[in-house]
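Q: Provided below are the primary sequence and the corresponding predicted coordinates.
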Amino acid sequence: MKYNKVSLILLILCLIITLTACKPEDPINIDDGNESKKSAVKVEKIEKMDNMEVSDWLNEKTVVVSKENDSLDKMELLELSDYYPRSLYLYNLNTKEYKLLKEEKNLFLGGATFSKDKNHLLYSEYSLGDPAYYVMNMDTLDSFGISGDNIGGAISARWDGNQVIGVSYTNRMYEANPTGEISIIDDVDEEGIYVTRKIKENVYYNTFFDEKLIMYNQSTKEKIDLNIESVYDLIPSTDGNKMLVLQNSDNLSNMVLCDTDGSNQKIIAAGEEIYAVSWSPDQRLIAYNLKTTIDNKDINNFYIYDMINDEYIKIEGNIQDTATISSWSPSGDKMVYVKTNGEKYDSSVVYLQ
């Protein structure tokens with residue numbers, strides 16, 4: 001599936017609304033424990049990587065890349081015959097060398113992300129239509145598909161630590177472990193499940209029919225309506241104590257920071273659409289793409305929000321292509337985002353100081 005003014009953005013940011021629950025707001029836990037004002041984050045340099053989808057980091061110098069593979073024949077389907085298959089590689093940012101991980105004839109491989117322990121890689125295969133999801137063992141490079149009699153196949157898939165969670169074609173929420181075992185989350189059987197996330201012992205979801213965010217505790221079997229409507233994504237903090245909720249409200253998209261029980265809500269970004277949200281490992285910085293419209297043209301601005309200093313750093317502005325992926329290096333001093341027009345993928349590695 002594909003996802004899709006300058007003064008207006010500044011106005012929106014000035015009009016950001018803060019919503020506070022009854023109890024005092026818990027501070028964000030920054031890894032060094034010091035939440036006092038720090039030196040401003042600065043961009044040291046930006047390295048452009050054209051025609052590449054850089055989607056995650058194996059370590060500080062190695063990223064996983066999807067790009068066209070001209071060692072294979074071009075795609076056989078007439079609609080795609082101008083393109084080579086897209087294959088998966090490891091790419092060393094220092095030596096500029098590639099290591100092939102996976103290639104398939106007549107298929108685009110992409111969207112690759114590592115498990116928390118970096119031992120497995122979740123990725124998708126597609127040509128036309130919806131993607132199929134696979135998990136690769138990084139030692140053997142063997143893969144298995146997220147499919148089976150109990151789920152049919154996976155509509156969505158994302159990492160929860162070292163487990164995969166998503167929604168299946170049998171309209172059930174599933175969990176899959178790196179050995180290929182797939183289980184159904186039995187007590188969540190609503191129709192049309194859309195968002196799926198797991199934070200500690202809680203599973204979060206909503207449906208196309210009722211877009212309110214529900215929290216289900218797998219231990220107590222309790223389901224709680226968090227009273228957050230029109231949710232289209234959820235991003236947990238590294239320590240699992242906070243979350244970012246993306247919601248549509250009054251023809252705007254809001255990025256809401258809150259506790260994992262939905263309390264202490266604070267809108268930290270708003271615009272027509274928000275994509276490519278990611279949280280730095282120390283939880284200080286949030287990267288995101290904010291889309292607006294000027295003179296009937298889509299305009300995208302890519303930001304990093306500094307939570308300690310309450311500052312918005314514009315990394316790139318007034319671009320037409322939409323950033324769909326962002327990801328932080330393990331140390332948090334580098335991040336990458338991917339822009340696409342639906343056909344061409346370009347990446348930018350941002351070095352911070």
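A: Ah, there it is.
Q: Mind checking what secondary structure Glu79 has?
A: helix (DSSP: H, G, I helix; E, B strand; the rest coil).
Q: Quick check: it vs Trp279, distance?
A: Per C-beta to C-beta, to the nearest Å, Glu79 is found 37 Å from Trp279. (Each C-beta comes from the backbone N, C-alpha and C, glycine too.)
Q: now the helices: where do they sit in the stretch 1-150 of the chain?
A: 7-14 (DSSP state H, counting those that start in this stretch).
Q: Point out where it drops to low pLDDT.
A: 1-37 (pLDDT under 70).
Q: of Glu79 and Trp279, who's got more company?
A: Set Glu79 next to Trp279 and count neighbours by other C-beta atoms under 10 Å: Trp279 wins out with 22 against 9.
Q: residues in contact with the more buried one?
A: Counting by C-beta atoms under 8 Å, 6 or more residues apart in numbering, Trp279 makes contact with Ile235, Pro236, Ser237, Thr238, Leu244, Leu285, Ile286, Trp328.
Q: How about Lys42?
A: Neighbour list for Lys42: Leu352, Gln353 [criterion: C-beta under 8 Å, 6+ apart].
Q: Let me know the closest of the contacts of Trp279 to Ser219.
A: Within the contacts of Trp279, the smallest distance to Ser219 is 17.8 Å, found for Pro236 (C-beta to C-beta).
Q: The closest one against Met243, yeah?
A: Yes: using C-beta atoms under 8 Å, Pro236 is in contact with Met243, at 4.9 Å.
Q: quick one, phi psi at the closest residue to His120 other than its chain neighbours?
A: Nearest residue to His120, sequence neighbours excluded (C-beta to C-beta, 6 or more residues apart in numbering): Pro178, at 4.6 Å. For Pro178, the backbone dihedrals (degrees, to the nearest 10) come out as phi -60, psi -10.
Q: what's the distance between Pro178 and Thr220?
A: The value you get for Pro178 to Thr220, if C-beta to C-beta is used, is 27 Å.
Q: Tell me which of these two has more neighbours.
A: Shown here are Pro178 and Thr220; by other C-beta under 10 Å, Pro178 has more neighbours (19 against 10).
Q: Give me the distance between the more buried one and Lys200.
A: Applying C-beta to C-beta, the value for Pro178 to Lys200 is 20 Å.
Q: repeat for Lys67
A: Relative to Lys200, Lys67 is positioned 36 Å away (C-beta to C-beta).
Q: Who has more neighbours out of the two?
A: A side-by-side neighbour count of Lys67 and Lys200, using other C-beta under 10 Å, places Lys67 first with 22 against 15.
Q: Chain neighbours aside, what residue packs nearest to that one?
A: Nearest to Lys67 is Met52, by C-beta to C-beta, 6+ apart, at 4.8 Å.
Q: Can you report how many residues neighbour the one you found?
A: 21.
Q: so who does it touch?
A: By C-beta under 8 Å, 6+ apart, the contact list for Met52 reads Val65, Ser66, Lys67, Tyr91, Tyr345, Asp346, Ser347.
Q: hmm, back to that, show the contacting residues for the residue nearest to His120.
A: Residues in contact with Pro178 (C-beta under 8 Å, 6+ apart) are Ser115, Asn119, His120, Val135, Asn137, Asn162, Gln163.
Q: 10 Å - rerun?
A: Counting by C-beta atoms under 10 Å, 6 or more residues apart in numbering, Pro178 touches 115, 117, 119-122, 135-138, 144, 162-164.
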